[in-house]
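Asker: sequence plus predicted model, see below.
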Amino acid sequence: MVGLIASLLLNRPFRGRGLARSIFLFPYVAPIVSVAFVWRWILDPRPSGVLNDVLMRLNLIDLPIAFLATRGLAIAIVIIFEAWRYFPFAMLMILARLQAIDKTLYEAADVDGASAWDKFRFVTIPELRYVLGALFLLRLMWTFNKFDDIFLLTGGGFGTKVLPILTYEFSFRLLDFGRGAATAMILLVILVIFMAFYVGIVMRNVDEE
């Protein structure tokens, strides 16, 4: 959703569009270690943490919050971090497809008296459906297999112990390679199912078009 909104904004001509595109790409191209530690500094549970300091100065909270050490809140922040870090990839894919849409489709919609919402609903979205489907499945697979982002943010604690983190802990912390191999096989089977769905449906539809 964030990538779609960003691509729609950047598809319109305006002054400084090239600079805006460069800024939007920063989360995706920045080193993950640097980005993760900046987020940990912002979310530092001490009063000196950036977010805690701002919220306390605005009298929105009385005591500092341990954002990355609170069950429920930690996983929500991980989700927000993943959306922020990887939306530029979706933005680039969608933007490339937007710029390839035949402009005569919009001109015909204007002749028929279509509103901006109608053009988005009946022209833009149908033209983007295969790109959006491919992005959904790719991001689902990549996020499901994500290890480094979550490990650097929370270490896998406080409700963020996903399968890749669990595999790492079984294999390299507990040295229980049997359980580590079992969780890795579960992860592999799930990813193979996602990949089969992607190849069998999304790619087939693209070929037919």
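Answerer: It's in. Numbers count the residues shown, from 1 in each chain.

Asker: what is the burial count for Gly18?
Answerer: By other C-beta atoms under 10 Å, 9 other residues sit near Gly18. Every C-beta, even on glycine, is put in place using the N, C-alpha and C of the backbone.

Asker: let's have the chain start at 48 instead
Answerer: Noted, 48 is the first residue going forward, which turns the last one into Gly65.

Asker: what comes into contact with the host helix or strand of it?
Answerer: Assessed by DSSP states H and E, Gly65 sits inside helix 64-76. With contacts defined as C-beta atoms under 8 Å, 6 or more residues apart in numbering, helix 64-76 is touched by 53, 56-57, 61, 82, 131-136, 138-139.

Asker: same thing but 10 Å
Answerer: Residues from elsewhere that reach helix 64-76 (C-beta atoms under 10 Å, 6 or more residues apart in numbering): 49-50, 53-54, 56-58, 61, 63, 82, 128, 130-139, 142.

Asker: which ones among the residues you listed lie within helices?
Answerer: Assigned to helices by DSSP state H, the following of those qualify: 49-50, 53-54, 56-57, 82, 128, 130-139, 142.

Asker: show the buried residues in those.
Answerer: 50, 53-54, 57, 82, 128, 130, 132-139, 142 (16 or more other C-beta atoms under 10 Å).

Asker: ok, of the residues you listed, which one's closest to Arg226?
Answerer: Distance to Arg226, by C-beta to C-beta, is smallest for Phe128 among those, at 27.9 Å.

Asker: quick check, central residue of the protein?
Answerer: The centroid of the chain falls nearest to Ala130 when counting by C-alpha atoms, centre = their mean (3.0 Å).

Asker: can you tell me the distance between the two ends of stretch 100-109?
Answerer: One end of stretch 100-109 sits 10 Å from the other (C-alpha to C-alpha, to the nearest Å).

Asker: just how off-centre is that stretch within its chain?
Answerer: Here stretch 100-109 is found 29 Å from its chain centre; the criterion is C-alpha atoms, centre = their mean, to the nearest Å.

Asker: and it, average pLDDT?
Answerer: What stretch 100-109 shows for mean pLDDT is 88.

Asker: list the buried ones in that stretch?
Answerer: Under the neighbour-count criterion of 16+ other C-beta under 10 Å, stretch 100-109 has Met103 buried.

Asker: which residues does that stretch contact?
Answerer: Residues from elsewhere that reach stretch 100-109 (C-beta under 10 Å, 6+ apart): Ile89, Asp91, Arg93, Pro94, Gly96, Leu98, Asn99, Leu110, Pro111, Ile112.

Asker: okay if I get those residues as a markdown table plus secondary structure?
Answerer: Listed next are the contacts of stretch 100-109 as a markdown table, based on DSSP: H, G, I helix; E, B strand; the rest coil:
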| residue | secondary structure |
| --- | --- |
| Ile89 | helix |
| Asp91 | coil |
| Arg93 | coil |
| Pro94 | coil |
| Gly96 | coil |
| Leu98 | helix |
| Asn99 | helix |
| Leu110 | coil |
| Pro111 | coil |
| Ile112 | coil |
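
Asker: from those, list the buried ones, please.
Answerer: Buried members of the contacts of stretch 100-109, scored by 16+ other C-beta under 10 Å, are Asp91, Gly96, Leu98, Asn99, Pro111, Ile112.
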